[in-house]
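Colleague: Fold the following.
(4 chains)
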Number of protein chains: 2
Amino acid sequence: MAEDVFKALADPTRRRILDELVERDGQSLFEICTRLVTKHGLGLSRQAVSQHLAVLESAGLVVTRREGRYKFHDLNTEPLKRIMTRWLRPGAPEDTP
Amino acid sequence: MAEDVFKALADPTRRRILDELVERDGQSLFEICTRLVTKHGLGLSRQAVSQHLAVLESAGLVVTRREGRYKFHDLNTEPLKRIMTRWLRPGAPEDTP
DNA sequence: TTGATAGGCAAGTCGCTACTTGCCTATCGT
DNA sequence: ACGATAGGCAAGTAGCGACTTGCCTATCAA
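Modeller: Next comes the predicted model:
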């Protein structure tokens, strides 16, 4: 669980995607895709972004809702909140790697 | 900078090390090593731990002080604090991947 | 000074992961 | 019905990252 969140956050592109979703929630795959390419000069394929979104979703950082042929992506900060305090208050470990 | 912190946090063993340092600050390499092996049944070599500590240090999460033939490791939570708020308040991106 | 302890350096192996390519399904407009 | 749009699945490739192995340096105790 925490494992998935940390691994999801490890990739720069995925963090960029989260940035995008903070700025505008509920974007489709193609929207995110074009945003990443145009705004930040990242050159990546649609599938690459799709796979990143899958990682973020299975980490719980992104939730999706389908409408027709569109799939919208929303940010979910709950997993983040649960993680951040881990080393800040002395001291309590929680997850099993 | 932020890149290094996220990558450092991506590994379970390194998170365990941080857990150890929260619990008892200023441990040596060998102390951390034995703790990891005995308390959590992790089977890893001294060099493995040493390399993990190097990653944590260059991410700024751990600071070291040398005394004679000992090198003590202390936790530094500053990089964490700087990172956590990134996606919590809507919205402002900050690092360049 | 010698041996033991604490740590560092460098090269090599292996597995995971990010990304691509190619093809397939589903929904919408006309 | 047709084509175009939005997305999914699967296999393959390449590079990075965790870990090992072997050897080397430095400090302390006897």
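Colleague: which residues touch the most centrally placed residue in chain A?
Modeller: In chain A, the centroid-proximal residue (C-alpha atoms, centre = their mean) is A:Leu56; its distance is 3.9 Å. Going by C-beta atoms under 8 Å, 6 or more residues apart in numbering or on different chains, A:Leu56 touches A:Ala8, A:Arg14, A:Ile17, A:Leu18, A:Val62. For glycine as for every other residue, the C-beta is placed from the backbone atoms N, C-alpha and C.
Colleague: Surely the third one is in a helix?
Modeller: Yes: judged by DSSP: H, G, I helix; E, B strand; the rest coil, A:Ile17 forms part of a helix.
Colleague: would you list every one of the strands in chain A?
Modeller: Counting by DSSP state E, the segments of chain A that form strands are A:62-67, A:70-75.
Colleague: returning to that earlier point: check the contacts of A:Leu56 one by one and keep those near chain B.
Modeller: By C-beta under 8 Å from any C-beta of the partner chain, the members of the contacts of A:Leu56 lying near chain B are A:Leu18.
Colleague: need the contacts of A:Leu56 in a markdown table with neighbour count, can you?
Modeller: Below are the contacts of A:Leu56 laid out as a markdown table (neighbours: other C-beta atoms under 10 Å in any protein chain shown):
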| residue | neighbour count |
| --- | --- |
| A:Ala8 | 24 |
| A:Arg14 | 23 |
| A:Ile17 | 26 |
| A:Leu18 | 23 |
| A:Val62 | 22 |
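Colleague: thinking again about what came up before, so for the residue nearest to the centre of chain A, what's the pLDDT?
Modeller: Looking at A:Leu56, its pLDDT reads 98.
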